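[1] model the structure of this input:
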Amino acid sequence: MIEMIEKTPPELDQFQRRALIVGVIGGAVCVGGAVFNPEQFFRSYLLGYVFWIGIALGCLAILMLQHMSGGAWGLVTRRLLEASTRTFPLLALLFLPVAFGVRSIFTWAQPDHSGASEALKHALAHKAPYLNVPFFLARAVFYFAAWNVMAYFLSKWSLEQDRTGHRPVTTKLQGLSAPGLLLYGFTVTFASVDWLMSLEPQWFSTMYGILVMGGQGLSAMAFIIAAVVLLARYKPMSEVIKPSHLHDLGKLMLAFLMLWAYFSFSQFLIIWSGNLPEEIPWYVRRLQSSWKWVGLSLVVLQFALPFVLLLSRDLKRNGRTLAVVAIAIIVMRFVDLIWMTGPEFHEGAFWIHWMDVVMPIGLGGLWLAYFAYQLKTRPLLPIGDPELEHVLAHSGGH
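    Residues are numbered from 1 along each chain as shown. Presented below is the predicted three-dimensional model:
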């Protein structure tokens, strides 16, 4: 069995080529769109970029959580999580258009605020020591440095564990994961403020960072489940993945779903009960216009329906149905990002530009192609983990 899992299915090569083709075509179409509407290009780019880096960051957090908690679910997903975190160098490179387009995306980065309201001018002046382009870029450099360093050592020591099988390597992975989770929380909180919340400089929410983290965890778990089910169609993973593993992953996705819903409702409840004029407009724009139907779809399709479905034990143990729920959640996570950012770019009624759809598809193609490339560089299971033989022998989950 160990010899079998050192190989990756040849279908992964085909998936990588197709994803790359989609990425190149999507990118080329959007570059053409940039010629006619550069401002929309950068705004759509931010939307797609935040969506895909959110999956990679969620995988980083779940990977460190798995090292701390253990469990069979982590052993069958670890290489997928690691491959996702090794895409950070590509994501750092893909951040460059955001850096170049910062003045087209963010109001606070624009040199002329003469047409802004007095309240906005006051907010921009008050937040200028934090919201300025050089400091914004310096913080981004720090975020990517922290994420790349954590991903590098987690992958390096995991490979060392494959070669040696020594338990002290497991201790090193746990030793990095504990402070790494704190660093993840710190950097993602500030990155969510920089890349999303600062789209409306007057508005703020103390729940925003943790809400973004909850969404990243949900996106990442849904992505990993879809990937596990896809790989389970081919050898050798078809002989490793058992219904008990899928059951565990389904329960984790249900937990992240409830966590995201709790954070979302908490933010709404705090702002509603506080009744503060600086915070309420964010929800007024989304609940008293046609954007409210998008919000309602999130309540129904991103929470209520998946919540009811994931209560079923049989559904969680069936790869096909579990993957359908996971893919639906991934789609609704993108809709959630549109709901969070769209009203800042398109005030009034609901409106979406064609690049808001094509750009995430193009970026997703590039990211998935690189993810597949990274996945092929290691065995699909951590063959040096001391617990692997026990997991393969029993496959009892947990």
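[2] list the helices and strands the strand or helix carrying Lys292 packs on?
    Assigned by DSSP states H and E, Lys292 belongs to helix 291-297. Judged by 3 or more C-beta pairs under 8 Å, 6 or more residues apart in numbering; DSSP states H and E, the packing partners of helix 291-297 are helix 280-287, helix 319-345. C-betas here are computed from N, CA, C, even on glycine.
[3] and it, what's buried?
    Across helix 291-297, burial judged by 16 or more other C-beta atoms under 10 Å covers Trp291, Val294, Gly295.
[4] of all the residues you listed, the one with the weakest confidence?
    Least confident entry in the buried residues of helix 291-297, by pLDDT: Trp291, with 88.
[5] check what pLDDT the spatially closest residue to that residue that is not a sequence neighbour gets.
    Excluding the flanking residues, the one nearest Trp291 by C-beta to C-beta, 6 or more residues apart in numbering is Phe350, at 5.2 Å. Phe350 is assigned 84 on the pLDDT scale.
[6] repeat for the one 5 residues further on
    You'll see Met355 listed with a pLDDT of 93.
[7] so where do the strands sit in the stretch 1-150 of the chain?
    In the stretch 1-150 of the chain, no strands are found when defined by DSSP state E, counting those that start in this stretch.
[8] in it, which spans are helices?
    Remark: helices assigned in the stretch 1-150 of the chain by DSSP state H, counting those that start in this stretch are 2-5, 11-36, 38-69, 72-85, 88-94, 96-100, 102-105, 118-127, 133-164.
[9] buried deepest among those, which one?
    Greatest average neighbour count among these goes to helix 72-85 (a mean of 24), per mean count of other C-beta atoms under 10 Å.
[10] mind listing residues that contact stretch 139-147?
    The contact list for stretch 139-147 (C-beta atoms under 8 Å, 6 or more residues apart in numbering) reads 57, 60, 85, 88, 91-92, 95, 99, 183-184, 187, 190-191, 194.
[11] redo that, cut-off 6 Å
    Phe88, Ala92, Leu183, Thr187, Ala191 (C-beta atoms under 6 Å, 6 or more residues apart in numbering).
[12] farthest pair within those?
    Largest separation among the contacts of stretch 139-147 by C-beta to C-beta: Ala92 and Leu183, giving 16.5 Å.
[13] Serialize the helices of the stretch 1-150 of the chain to a markdown table and add fields for distance to Val299.
    What follows is the helices of the stretch 1-150 of the chain, written out as a markdown table (distance: least, C-beta to C-beta, whole Å):
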| stretch | distance to Val299 |
| --- | --- |
| helix 2-5 | 41 |
| helix 11-36 | 30 |
| helix 38-69 | 20 |
| helix 72-85 | 28 |
| helix 88-94 | 30 |
| helix 96-100 | 30 |
| helix 102-105 | 28 |
| helix 118-127 | 30 |
| helix 133-164 | 31 |
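[14] just say helix, strand or coil for Ala349.
    coil (DSSP: H, G, I helix; E, B strand; the rest coil).
[15] correct me, but it touches Gln288?
    No - using C-beta atoms under 6 Å, Ala349 makes no contact with Gln288, being 11.2 Å away.
[16] report all helices and strands that whatever helix or strand comes next after the helix holding Lys292 contacts.
    Next helix or strand after helix 291-297 toward the C-terminus (DSSP H and E): helix 305-310. When contacts are defined as 3 or more C-beta pairs under 6 Å, 6 or more residues apart in numbering; DSSP states H and E, helix 305-310 packs onto helix 243-274, helix 319-345.
[17] to Met68, which of the ones you listed lies closest?
    Closest among those, using C-beta to C-beta: helix 243-274, at 14.1 Å.
[18] elements contacting the closest one?
    Checking 3+ C-beta pairs under 6 Å, 6+ apart, helix 243-274 ends up next to helix 72-85, helix 208-231, helix 305-310, helix 319-345.
[19] for the ones you listed, give me TSV that also has distance to His113.
    Below are the helices and strands packed on helix 243-274 laid out as TSV (distance: least, C-beta to C-beta, whole Å):
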stretch	distance to His113
helix 72-85	39
helix 208-231	23
helix 305-310	42
helix 319-345	16
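[20] right, so of those, which gets closest to Leu199?
    So among the helices and strands packed on helix 243-274, helix 319-345 is nearest, using C-beta to C-beta, at 4.2 Å.
[21] and the contacts of the helix or strand that the closest one is followed by?
    For helix 319-345, the following helix or strand on the C-terminal side (DSSP H and E) is helix 355-376. When contacts are defined by C-beta under 6 Å, 6+ apart, helix 355-376 is touched by residues 8, 12, 15-16, 19-20, 22-23, 26-27, 29-30, 33, 40, 44-45, 47-48, 51-52, 83-84, 86-87, 90.
[22] so helix 355-376 versus helix 72-85, what angle?
    Here helix 355-376 runs at an angle of 110 degrees relative to helix 72-85 (axes from the mean of the first three to the mean of the last three C-alpha atoms, to 10 degrees).
[23] how about helix 355-376 as PDB, C-alpha atoms only?
    What follows is helix 355-376, C-alpha atoms only, in PDB (Å, rounded to 0.1, in the frame of the first residue of the first chain):
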ATOM      1  CA  MET A 355     -15.100  40.600 -15.400                       C
ATOM      2  CA  ASP A 356     -16.300  39.900 -11.900                       C
ATOM      3  CA  VAL A 357     -17.100  36.400 -13.200                       C
ATOM      4  CA  VAL A 358     -14.400  35.800 -15.800                       C
ATOM      5  CA  MET A 359     -11.500  37.100 -13.600                       C
ATOM      6  CA  PRO A 360     -12.000  34.700 -10.700                       C
ATOM      7  CA  ILE A 361     -12.300  31.800 -13.200                       C
ATOM      8  CA  GLY A 362      -9.000  32.900 -14.900                       C
ATOM      9  CA  LEU A 363      -7.200  33.300 -11.600                       C
ATOM     10  CA  GLY A 364      -8.700  30.000 -10.400                       C
ATOM     11  CA  GLY A 365      -7.400  28.200 -13.400                       C
ATOM     12  CA  LEU A 366      -3.900  29.500 -12.800                       C
ATOM     13  CA  TRP A 367      -4.100  28.700  -9.100                       C
ATOM     14  CA  LEU A 368      -5.500  25.200  -9.600                       C
ATOM     15  CA  ALA A 369      -2.900  24.300 -12.200                       C
ATOM     16  CA  TYR A 370      -0.100  25.300  -9.800                       C
ATOM     17  CA  PHE A 371      -1.800  23.500  -6.900                       C
ATOM     18  CA  ALA A 372      -2.000  20.300  -9.100                       C
ATOM     19  CA  TYR A 373       1.700  20.700  -9.900                       C
ATOM     20  CA  GLN A 374       2.600  21.000  -6.200                       C
ATOM     21  CA  LEU A 375       0.400  18.000  -5.300                       C
ATOM     22  CA  LYS A 376       2.300  15.800  -7.800                       C
END
